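Engineer: What would the 3D arrangement of this be:
(chains A, B, C and D)
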There are 2 protein chains.
Amino acid sequence: MDKQLDVLQGTLDMLILKAVSLGPLHGYGILFRIQQISRDRLEIQQGSLYPALYRLEHQGWIASEWGESENNRKAKYYRLAAAGKRRLQSETEKWNRMAEVIAGILHTTPEEV
Amino acid sequence: MDKQLDVLQGTLDMLILKAVSLGPLHGYGILFRIQQISRDRLEIQQGSLYPALYRLEHQGWIASEWGESENNRKAKYYRLAAAGKRRLQSETEKWNRMAEVIAGILHTTPEEV
DNA sequence: TACGACACCTAGCGTGTCGACATATAGCGC
DNA sequence: GCGCTATATGTCGACACGCTAGGTGTCGTA
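Structural biologist: Residues are numbered from 1 along each chain as shown, chains lettered A, B, ... in the order given. This next block holds a predicted model:
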């Protein structure tokens, strides 16, 4: 049981979009899905999640619908909207570029300066 | 001339430590060095740099000394302290773990859920 | 009927980056 | 000598965002 990392600032929206892109899900379930697809190395807090969901829906990237959960409780199901799909893609590309840039910097040796 | 990325929140300290680790440098020069080792894809703002330098020195990760720049102006030169070297290493490892986790998430397919 | 797991939400805080501004000086063209 | 640009160091307020810590209600089970 290794320690979990905090979410890197600026990546939460992308992670949520990705989680929802794998299939519609209610908010509470998103917490577990992110934990799952990160293999227990990331844990989202509820106090981070719900404002983010509001943000994403407000932007038109996800859409919600009240429904019933597997446990017979009312739950708000989110699905990825078309704009959200595009957004996820552009954020992913941006992330890849950023990760590449930082990796490059971290591998720079004094001789290269 | 492609567009430059904003600094990812939480990575500036690491980037500065890395820049200084490549050889002592004054603040103004750090801006250019980071631009250089990122191959012009990252640009640090002065309003971000100087508070960060204060932060890093306050933590004992870098040390400063007033000197004279190549252009005969007074400039504060920073060098990496021993604690900063350790810090840079641990931040680098943390970044690598995080990048790996996020890459894994982004590559998850619906079948794997 | 008490309790824990499920499911939603909000308020306030801390951190960190940015944009805009302020200050000072060396070197250069005129 | 005068103004301009590049060099160099900062400060300040605004703002985004994730976290901690709470609060509400309901279902299933012991």
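
Engineer: Close to chain B: what parts of chain A are there?
Structural biologist: A:5, A:8-11, A:14-15, A:18, A:22-23, A:33-34, A:36-39, A:41-42, A:92, A:94-95, A:97-99, A:101-106, A:108-110, A:112-113 (C-beta under 8 Å from any C-beta of the partner chain). For every residue, glycine as well, the C-beta is placed using N, CA and C.

Engineer: Which stretches in chain A count as helices?
Structural biologist: For chain A, the helices defined by DSSP state H cover A:12-21, A:27-37, A:46-58, A:82-106.

Engineer: Out of the ones you listed, which gets nearest to DNA strand D?
Structural biologist: For the helices of chain A, proximity to DNA strand D was assessed by C-beta to the nearest atom of the strand; helix A:46-58 is nearest, at 2.1 Å.

Engineer: so what's A:P110 up against?
Structural biologist: Counting by C-beta atoms under 8 Å, 6 or more residues apart in numbering or on different chains, A:P110 makes contact with B:L22, B:G23.

Engineer: I'd like the helices of chain A written out as TSV, with mean pLDDT added.
Structural biologist: Converted to TSV, the helices of chain A look like this (pLDDT from 0 to 100):
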stretch	mean pLDDT
helix A:12-21	98
helix A:27-37	97
helix A:46-58	97
helix A:82-106	97
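
Engineer: is it possible to export those to JSON lines including mean neighbour count?
Structural biologist: As requested, those are exported to JSON lines (neighbours: other C-beta atoms under 10 Å in any protein chain shown):
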{"stretch": "helix A:12-21", "mean neighbour count": "23"}
{"stretch": "helix A:27-37", "mean neighbour count": "18"}
{"stretch": "helix A:46-58", "mean neighbour count": "14"}
{"stretch": "helix A:82-106", "mean neighbour count": "16"}
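
Engineer: Ok, which of the ones you listed comes nearest B:R73?
Structural biologist: Closest of the helices of chain A to B:R73 is helix A:82-106, at 27.1 Å (criterion: C-beta to C-beta).

Engineer: And the contacts of the closest one?
Structural biologist: If you take C-beta under 8 Å, 6+ apart as the criterion, helix A:82-106 is touched by A:11, A:13-14, A:17-18, A:20-21, A:56, A:59-62, A:80, B:5, B:8, B:11, B:14-15, B:18, B:34, B:37-39, B:41-42, B:92, B:95, B:99, B:102-103, B:106.
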